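> Here is the input, now give the coordinates:
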Amino acid sequence: MHGPGQPRDDRGRRGVKPYPLEGVVSWNMNTTCNYRCSYCTQRHLDDRGRWARDLPAFVEAFRKLPGDWEVKLSGGEPFQHPGFLELVEALAGQGRRVSVVTNLSAKDEVLAQFAAITARRPGLLSASLHLEYADPVAFREKLLRFAGLYAGRVCATCVATRENLPRLAELRASFLPIRLKVQPEKQDRDVIGYTESELETLEQLGGHNDTGAVAPSFEGRPCWAGARYFIVDDRGEAWRCYPARRQRTERLGNLLDGSFRLRFRAEPCAYAYCNCTVPPERGMV
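Predicted structure coming up:
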C-alpha cells in the first residue's frame, strides 16, 4: 500500500509537459461563506468577511494576462460575493472561460444565470458536498438540474472526515453519472493522521481528487505552475500554487499594483505535498 505522501507514478523521471495553450488562474475572491464546516481549512482565518472590492481592476488585470486563460472562481463561497454575477458577465465578455468551486447553496435561478452567462465558453462547476449542511440526495438532484442547463462540465467533491469515510463508497456510487471526488481532511494545512486502514480506504476511493495518492507529491518534477497557472487572493496577492501560498513562498507579486510577474517556463515542484487540483488534471506537471 502507498503511504499518504507516496504517488503511484515514477516521479522525477518524466520530462517537461507540453506548453499549456490555456492557462488557469484560481482566484480566491472572498473569504465569506454561509457555512462553518468543522473541518474547513479556512476556519482559523482572522477575517472571514473579506471580498475582492475593486472588481473592475481585477477584470482588467485578467485581461492583460498573456495568451488564453481560464478564471476559476472560489472562496470562501464565491456566490456570496455581492458582485459575483456581474463579475462573471465581465469575464465572459472578455472571452475568458469561467469556472467555479461552490457549495451549491445558491438558489436555482442564480445558478441558471451563471449557466446562461457562461454558455458561450463554459468551464467547470465543482460542487462541494458538505454533509454537515447538505442532504446528499437533494444536493445531487440540484446538481443534476444545473447540469441540464449548463454547457460545461460538472463534478462533486466531499471531504473524507473520519465520520464521512465509512459512507463515501456508497455515496460515490449513488452520485453516478456525476463524478464524486474525495478530498482528505486537513488539519493545520496537512493531511490528518489517518490509520493504515483509513489510508487504504482513501486510496480505494481514488485518493485526493482521483490522483491515486492521499497526499500527492510531484517534488522535483517540472510544473507549469507559476507560468500557466497561479493562485490569487481577494487582495490581489499571487503565488505560484497552493503549496506556495500555504508556505508563503514563490510569491509572484500583486496582480493589482504592477508587481505581478509570471514565470516563463516549467520549473521543478519544490513541495513534498501538493494539494493543487489544476496542474495534475490539466497535464501541467
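
> all contacts plus neighbour counts: C-alpha atoms, from now on.
Will do.

> next SSE after the top helix by length along the chain?
Using DSSP state H to define each element, the chain has its longest helix at helix 136-149. Using DSSP states H and E, the next helix or strand after helix 136-149 towards the C-terminus is strand 153-160.

> all helices for the stretch 101-250 of the chain, in order.
According to DSSP state H, counting those that start in this stretch, the stretch 101-250 of the chain carries its helices in the segments 108-117, 136-149, 168-175, 196-204, 242-247.

> Which one, of the ones you listed, ends up nearest to residue 22?
Counting by Cα to Cα, residue 22 lies closest to helix 242-247 out of those; the figure is 18.9 Å.

> need the next SSE after that closest one, C-terminal direction.
For helix 242-247, the succeeding helix or strand toward the C-terminus, using DSSP H and E, is strand 251-254.

> Adjacent strands (with direction) for the helix or strand following that following strand?
Past strand 251-254, heading to the C-terminal end, the next element that is a helix or strand (DSSP H and E) is strand 267-268. Each strand pairing with strand 267-268, determined using DSSP bridges, is listed with its direction: strand 222-223 (antiparallel).

> rewinding a little: who touches the longest helix of the chain?
Applying Cα atoms under 8 Å, 6 or more residues apart in numbering, the contact partners of helix 136-149 are 104, 108, 111-112, 115-116, 127, 129, 153-154, 175.

> Which of the helices of the stretch 101-250 of the chain sits closest to residue 17?
Among the helices of the stretch 101-250 of the chain, helix 242-247 sits nearest to residue 17 (Cα to Cα), with 19.6 Å.

> Only the buried residues of that closest one, if you could.
Residues of helix 242-247 classed as buried by neighbour count (16 or more other Cα atoms under 10 Å): 242-245.

> quick one, what contacts the residue nearest to residue 266 when sequence neighbours are not counted?
Counting by Cα to Cα, 6 or more residues apart in numbering, the nearest residue to residue 266 once its immediate chain neighbours are dropped is residue 224, at 4.2 Å. Residues counted as contacts of residue 224 (Cα under 8 Å, 6+ apart) are 19-20, 265-267, 279, 284-285.

> next one: residue 156
Listed by Cα under 8 Å, 6+ apart, the contact set of residue 156 reads 126-129, 178-181.

> beta partners for it?
Each beta-bridge partner of residue 156 is listed here, defined by DSSP bridges: residue 127, residue 180.

> mind checking how far it is from residue 178?
Taking Cα to Cα, to the nearest Å as the measure, residue 156 and residue 178 are separated by 7 Å.

> With residue 39 instead?
Counting by Cα to Cα, the gap from residue 39 to residue 178 is 24 Å.

> Kindly report the same for residue 231.
Following Cα to Cα, the distance that separates residue 231 from residue 178 is 27 Å.

> what about those two, which has more around it?
Neighbours were tallied for residue 231 and for residue 178 using other Cα atoms under 10 Å; the higher tally belongs to residue 231 (25 against 17).

> give the contact list for that one.
Counting by Cα under 8 Å, 6+ apart, residue 231 has contacts 25-28, 238-242, 245.

> Quick check: nearest residue in space to residue 285, chain neighbours excluded?
Nearest residue to residue 285, sequence neighbours excluded (Cα to Cα, 6+ apart): residue 223, at 4.3 Å.
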